[in-house]
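**Q** coords please:
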Amino acid sequence: MAFFTMKLQSQTLASPTTVRLFLPCDLENNPPIRGVITLLHGFTNDGDDWVNKSAALRYAGENSLALIIPDAANSFYNDMAAGPAYYTWLTEELPMLLRRMVNLPAEREKNAVCGLSMGGYGALLLGLSKPERYFACASFSGVVHLGMMLQVKHNPMVQQVFSPVFGLSLSLPENRDIFRLAERAAALPEALRPRILCTSGKQDIEPYYVYNQNIALAEHMADLPLDFEFRAWDGLHEWSVWDRSLALAIDRFFVPGYADKVKAAWTAE
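**A** Numbers count the residues shown, from 1 in each chain. Below is the predicted model of the structure:
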């Protein structure tokens with residue numbers, strides 16, 4: 001197994017940026033890479049969180065999965081109104097650079113994107129807007145209903161967080177609204193519709209009502225012909241929820257039965 005932290009000079013961002021790469025097969029007898037997961041971080045954090053606070057590398061190594069873990073500041077994975085173009089970086093320039101440098105599987109059926117909190121929104125944004133690239137996307141405690149959050153435009157925190165992303169009007173474009181993107185994905189031929197997983201802790205309510213946002217999205221998804229699953233259990237906005245969620249995503253997208261294996265390891269006497 002090999003882990004790299006790369007500093008890449010991005011023309012799109014007009015600055016250097018950090019990307020972490022985990023490869024599970026650095027020995028001759030390792031099996032080939034089964035798939036690639038792009039992992040997205042949360043608000044006020046960076047990709048180091050996935051490395052330092054979760055079992056992501058161990059889960060990936062056990063299942064012959066590669067990981068791409070980029071930084072995206074507090075951009076909500078958008079081309080910001082007052083900031084860098086992170087969406088373009090992640091969907092155009094970064095894939096091009098990685099193709100030049102690393103021979104990762106590029107097939108759609110081997111690429112998924114997952115994220116937590118802000119990164120949960122980002123994962124659905126990338127997965128639903130780029131279904132030709134990702135066959136699956138997963139949001140863990142994701143802020144998936146930005147329309148709900150942007151309704152409170154007078155709130156100073158909402159203005160501080162979202163005006164750099166969407167501008168002073170705080171209007172959400174349709175191509176950045178997960179609800180509208182899901183409707184577009186549902187209209188695609190069945191073979192191109194991405195698989196979707198959302199998870200949340202049931203006590204993840206104040207201050208952003210993340211659980212409520214996910215319930216609203218699940219109700220909307222119920223009327224669409226998409227392969228969608230929502231899972232919730234007791235928990236807050238915390239790593240115990242996100243670690244479990246990643247195991248579920250690997251189970252659902254790549255290795256059926258893996259989540260039960262992880263649970264059994266923790267509950268064995």
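
**Q** Can you tell me the element residue 44 falls in?
**A** Per DSSP states H and E, residue 44 falls between elements, in no helix or strand.

**Q** Residue 73 is in contact with that one, correct?
**A** No: look at residue 44 against residue 73 with Cβ atoms under 8 Å: they stay out of range, at 9.3 Å. For the C-beta atoms, the positions are set from N, CA and C on the backbone; glycine is no exception.

**Q** In terms of neighbours, single out the busier of these two.
**A** With neighbours defined as other Cβ atoms under 10 Å, residue 44 and residue 73 compare such that residue 73 has more, 19 against 10.

**Q** any idea how far the more buried one is from residue 14?
**A** Distance, residue 73 to residue 14, using Cβ to Cβ, to the nearest Å: 13 Å.

**Q** tell me, what's touching the two both at once?
**A** By Cβ atoms under 8 Å, 6 or more residues apart in numbering, residue 73 and residue 14 have these common neighbours: residue 84.

**Q** In the stretch 1-150 of the chain, where is pLDDT below threshold?
**A** The stretch 1-150 of the chain contains residues with pLDDT under 70 at 27.

**Q** Who are the packing partners of the lengthiest helix in the chain?
**A** Looking across the chain with DSSP state H, the single longest helix is helix 239-253. Judged by 3 or more Cβ pairs under 8 Å, 6 or more residues apart in numbering; DSSP states H and E, the packing partners of helix 239-253 are strand 35-40, helix 56-62, strand 111-116, strand 136-140, strand 195-201, strand 228-233, helix 258-267.

**Q** Give me the next element, helix or strand, following the fourth one.
**A** Spelled out, that is strand 136-140. Taking DSSP H and E, what comes next after strand 136-140 is helix 146-150.

**Q** Show me the contact partners of the helix or strand just after that next one.
**A** Using DSSP H and E, the helix or strand that follows helix 146-150 in sequence is helix 156-166. Residues from elsewhere that reach helix 156-166, judged by Cβ under 8 Å, 6+ apart: 43, 74-76, 78, 80-83, 146, 149-150, 152-153, 170, 172-173, 176.

**Q** Quick check: ChimeraX command selecting the buried ones in these.
**A** Buried residues within the contacts of helix 156-166, by 16 or more other Cβ atoms under 10 Å, are selected in ChimeraX with:
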select :43,74,75,76,78,80,146,149,150,170,172,176
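
**Q** how far away is residue 22 from residue 63?
**A** Remark: distance between residue 22 and residue 63 (Cβ to Cβ) = 12 Å.

**Q** who's more crowded, these two?
**A** Legend: neighbour count by other Cβ under 10 Å for residue 22 and residue 63, higher for residue 22 (22 against 19).

**Q** So the more buried one lies in a helix, does it not?
**A** No: using DSSP: H, G, I helix; E, B strand; the rest coil, the assignment for residue 22 is strand, not a helix.

**Q** In contact with residue 185, which residues?
**A** 128, 131, 193-194, 226.

**Q** nope, residue 30 is what I meant
**A** 24, 64.

**Q** for it, helix, strand, or coil?
**A** coil.

**Q** follow-up on the earlier one: determine which two of the contacts of residue 185 are furthest apart.
**A** Using Cβ to Cβ, the contacts of residue 185 reach their maximum pairwise distance at 131 and 226, which is 10.6 Å.

**Q** Mutual contacts of those two, please.
**A** In contact with both residue 131 and residue 226: 185, 193-194, using Cβ under 8 Å, 6+ apart.

**Q** can you list the residues that contact stretch 227-241?
**A** By Cβ under 8 Å, 6+ apart, stretch 227-241 touches 53-54, 117, 140-141, 193-204, 210-211, 214-215, 217-218, 221, 244-245, 248, 252.

**Q** Can I get the buried ones among those as something I can paste into ChimeraX?
**A** Selecting only the buried entries of these in ChimeraX, with 16+ other Cβ under 10 Å as the criterion:
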select :54,117,140,141,193,194,195,196,197,198,199,200,201,203,204,210,211,214,215,217,218,221,244,245,248,252
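
**Q** Downstream of the strand or helix carrying residue 66, the next helix or strand is which one?
**A** For residue 66, the element it lies in under DSSP H and E is strand 65-70. Sequence order places helix 86-88 as the next helix or strand after strand 65-70, per DSSP H and E.
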